[in-house]
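1. I'd like to go over a predicted model; first the sequence, then the structure.
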Amino acid sequence: MAKDKDRIVLPPVTAQRTNMTCHFCIVGCGYHVYKWPEDQEGGRAPNQNALGVDFRKQMPPLTLIMTPAMENVITDRDGSRKTIMIVPDKSCVVNSGLSSTRGGKLASYMYTADGITQERLRSPRVYVSDQWVDTDWDQAMALYAGLMKKVLDKDGPNGIVFSCFDHGGAGGGFENTWGTGKLMFSALQTPMVRIHNRPAYNSECHATREMGIGELNNSYEDAELADVIWSVGANSYETQTNYFLNHWVPNLQGGTLDKKRKWFAGETFPKTKVVFVDPRRTPTIAVAEQVAGKDNVLHLDIQPGTDIALFNGIFTYVVKQGWIDRDFIAAHTNGFDDAVKANNLSLDECSKITGVPVEKIQTAAEWSYKPKGPGQMTRTMHTYEKGIIWGNDNYLIQSSLVDLVLATHNVGRRGTGCVRMGGHQEGYTRPPYPGNTKIYIDQELIHGKGRMMTWWGCNNFQTSNNAQGLRDVVLRRSQIVKDAMQGARGATTEQMVDVIYDATSRGGLFVASINIYPTKLDEAAHLVLPATHPGEMNLTSMNGERRMRLSEKFMDPPGTAMPDCLIAARVANTLRDMYTRDGNTKMASRFDGFAWKTEEDAFNDGFRRVGQPGVEKIDSQGGNTGNLVTYERLRVMGNNGVQLPTKAWEGGKLVGTEMMYTDGKFDTADGKAQFKPSPWPGLPKLVADLKAKYRFWINNGRTNEVWQTVYHDRYNEFVRSRDPMAYIEMNPGDAQELGIGAGDIVEVYNDFGSTYAMAYPAAEIKHDQTFMVFGHINGIQDDVTTTWTDRNIVPYYKGTWANIRRVGPMEEYKRTVSFKSRRFV
């Protein structure tokens, strides 16, 4: 944070200004970074500071956001100290100058030797003699790549296993997904890869993509144009804050009526409604009721795991009422009649399964799909997120939702869309996955497969289903290697490679972690490599409306840390040199093409070559027009960037795509959207058996002020004091029955594991239900999730039941943590 605690230092007019996209949630708010020598500062007059603001007089409310957390002092590699200020960009159409609790701390999370980030990894580390020892990249690569080569030569690529990011923002971007993907898939050619938040290399949206609908298909502006907004399993105020505040709220308040009249002349515009599908009353619902009025907010508080039945019941009802677009269905879709037959569910049956009264289901249908006037279809935008992505049969849930959306033509029209809200930003560019069958990687590790495991930009000791089961096995297997390494006194690096390989033949597992901080994975790791994050490298990614921007480098990374794409290049180049020395030109050639000096080289090698003549197959969210995008052109576009796919470079600007499928052509072989039969299946047997055995449903998710695995925030005293441990919201009556009070430590346990949490009684939580923060370093919720996955190996993170017992009081928590309602009242 700012060195001067009594004031905020203003940037002088000579300060360097660069663009930055907040790299936490998917919304991707635009920020400006100001950087200047520490011994300088700007004046209060508008011509004396880089902001051009007159600080000699009181600013009107909300015209400018500046806090101590937005300022810091960094040290570049030449020893010079610079003040940085990272403030929201008012001209960015995403956030219009708004700042979230996450993005508002960006400056605080830039590396300083004496600040929140002082624990950042600064050099490679190897675990020897019961301690971590810093080393250099040459030694680290000799060990890591040397072991890879031995595994490739002896066993082939299946002995090399990865868990790796596939997104944008803090842990990815088009540069880094390309670098890691080219290494894993083209060079090493291993199919033994899983993605950071699911235990196989797969999609979170198999069904929607097969139906011809990519999951990010509209613009944030469509939330301002919709007549009705659906939020399914998403808590947008907490998890996509400024999308909700800057685009939903104005519509709910009636502030976008002029925009609607401009877009849709001649239509009627009833008061905007919002429908929430969520078993839990979330903070988002509470805020929506305040801004829209309770009469315009409908909460369908379904029983856990019954989304499929809800969508099928509404689908059946809407078809019978005739509130569908038959012309669109006939011209642009296939399979409607089969879906109607398979998904048939009466409102009474729907109500019985979901627990939602028939009247509320009918109201939701009437608001959303009944024509709002003669020949005027209601414009309804459907958003969804982890509540169904990690729900009861990901494939069938998404099929049932999109069946409803297609029947009512609520995709491809402005003010509509069927879109995921998202967690991280996106930024995918990789060669095709080299396997034909999706592999459940966690179970492979648990059953003794693989010789070396790399966790790259992720931490599955805290964020994988059945995390305790995975952790227990990996720790046991890694200890076999540690014991062997510790016994190999005086071994050269080449000899140590042989020692490690022999240990893996006895059930051992070599573990590497590539990250920006030490993580819980380090308990098992033998090697740790330091990476960078935005600001320390140039990085491109796109947000939830496919808006691509360039976050510009403005500071040096700590120590010898480097971008993930350049780490991948270093591994590949080391292996190429090793095979060249062996005279194995065939293997050496597999590792060609990594002669990158900068992350821009990786960007040009991947994103910009997609679809060009003679280029190998590359899967990319930029599509075949990525060649139109350059770093320089993105700098011209600033924090508004371009919405992918890019159409053209005209008049000195990149021209993008605001909404997909407006021409009625979908992402299928024949261009027609495909309905999918999705009958209600009930709960999976494993989950149903667990529910019958244990009392409490352990719902889980993110909270506003803590991001992901608390990787930054565990060092932030302000956040740590608010959330020192994963909290678990419980019904006050249930808590009282078990003798549990606010701030008590409780154990949550079932057949798959046990974890601990801080009790947080909340009147909004139903009896026998809970909500626990996921991903926290202190209390790992995923220790009690099951091993169940759907046909595509997508986990049912939300589908776990457990018992709860009081462990004892934690007086420190009771004294320092507020247990007031988290809902806006």
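-> Nice, I can see it. Numbers count the residues shown, from 1 in each chain.

2. what's near enough to touch Arg211?
-> To be clear, residue 211 is Met; Arg isn't right here. By CB atoms under 8 Å, 6 or more residues apart in numbering, the contact set of Met211 is Ser399, Val402, Leu406, Phe666, Thr668, Ala673, Gln674, Phe675, Lys676. Yep, even glycine has a C-beta here, placed from its N, CA and C like the rest.

3. what of Leu64?
-> Leu64 neighbours (CB under 8 Å, 6+ apart): Leu51, Val53, Val87, Gly97.

4. which single one of those is nearest to Trp707?
-> Val87 (19.4 Å; CB to CB).

5. give me the phi and psi for that closest one.
-> Reported as degrees, to the nearest 10, the phi and psi values for Val87 are phi -120, psi 150.

6. what of Glu210?
-> phi -60, psi -30.

7. burial count for the nearest residue in space to it that is not next to it in sequence?
-> By the measure of CB to CB, 6 or more residues apart in numbering, the closest residue to Glu210 outside its immediate chain neighbours is Gln674, 6.7 Å from it. Using other CB atoms under 10 Å, Gln674 has 23 neighbouring residues.

8. ok, now how distant is Gln674 from Ile745?
-> 50 Å (CB to CB, to the nearest Å).

9. one more: Arg806?
-> 8 Å.

10. what do you get for Gln781?
-> Gln781 sits 15 Å away from Ile745, going by CB to CB.

11. and for Met587?
-> As defined by CB to CB, Met587 lies at a distance of 54 Å from Ile745.

12. who has more neighbours out of Gln781 and Ile745?
-> Applying other CB under 10 Å to Gln781 and Ile745 shows that Gln781 carries more neighbours, namely 26 against 17.

13. and that one, how close does it get to Ile500?
-> Counting by CB to CB, the gap from Gln781 to Ile500 is 33 Å.

14. quick one: Ala673 and Phe666 touch, right?
-> Yes. Using CB atoms under 8 Å, Ala673 is in contact with Phe666, at 4.3 Å.

15. more neighbours: those two, which one.
-> Neighbour totals were compared for Ala673 and Phe666, and Ala673 leads with 28 against 22 (other CB under 10 Å).

16. list the contacts of the more buried one.
-> Applying CB under 8 Å, 6+ apart, the residues near Ala673 are Met211, Gly212, Ile213, His332, Thr333, Asn334, Leu406, Val411, Phe666.

17. now do the phi/psi pair for it.
-> Here is the backbone geometry of Ala673 (degrees, to the nearest 10): phi -70, psi 150.

18. still on that earlier bit, with neighbour count, distance to Leu106 and secondary structure added, can I get the contacts of Leu64 in a markdown table?
-> Shown next, in a markdown table, are the contacts of Leu64 (neighbours: other CB atoms under 10 Å; distance: CB to CB, whole Å; DSSP: H, G, I helix; E, B strand; the rest coil):
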| residue | neighbour count | distance to Leu106 | secondary structure |
| --- | --- | --- | --- |
| Leu51 | 20 | 17 | coil |
| Val53 | 16 | 20 | coil |
| Val87 | 25 | 9 | strand |
| Gly97 | 19 | 15 | coil |
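
19. can I get those in TSV with distance to Gly733 and pLDDT?
-> Converted to TSV, the contacts of Leu64 look like this (distance: CB to CB, whole Å; pLDDT from 0 to 100):
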residue	distance to Gly733	pLDDT
Leu51	52	97
Val53	52	96
Val87	46	97
Gly97	44	96
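
20. turn those residues into a markdown table, including distance to Asp556.
-> Shown next, in a markdown table, are the contacts of Leu64 (distance: CB to CB, whole Å):
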| residue | distance to Asp556 |
| --- | --- |
| Leu51 | 25 |
| Val53 | 29 |
| Val87 | 22 |
| Gly97 | 29 |
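
21. out of those, which is nearest to Leu475?
-> For those, the nearest to Leu475 is Val87 (43.7 Å; CB to CB).

22. for that closest one, what are its contacts?
-> Tyr31, His32, Tyr34, Leu51, Leu64, Ile65, Met66, Met70, Ser99.

23. ok, now Cys458?
-> Ser163, Cys164, Phe165, Gly171, His196, Asn197.

24. which ones among these are found in strands?
-> Cross-referencing the contacts of Cys458 against strands under DSSP state E gives Ser163, Cys164.

25. least confident of the contacts of Cys458?
-> The pLDDT minimum for the contacts of Cys458 sits at Gly171, where the score is 66.

26. now the strands for the stretch 501-650 of the chain?
-> Using DSSP state E, counting those that start in this stretch, the strands found in the stretch 501-650 of the chain span residues 510-515, 527-530, 539-542, 547-551, 619-620, 642-643, 648-650.

27. what does the stretch 701-825 of the chain give?
-> Using DSSP E, counting those that start in this stretch, strands in the stretch 701-825 of the chain cover 727-730, 745-750, 753-761, 769-773, 801-808.

28. got the CA positions of the last one in CSV?
-> Listed next in CSV are the C-alpha coordinates belonging to strand 801-808 (Å, rounded to 0.1, in the frame of the first residue of the first chain):
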residue,chain,number,x,y,z
TRP,A,801,-23.6,-33.7,2.1
ALA,A,802,-21.9,-34.0,5.5
ASN,A,803,-22.3,-33.8,9.2
ILE,A,804,-21.1,-30.9,11.4
ARG,A,805,-19.8,-31.0,14.9
ARG,A,806,-18.6,-28.3,17.2
VAL,A,807,-14.8,-28.4,17.9
GLY,A,808,-14.6,-25.5,20.3
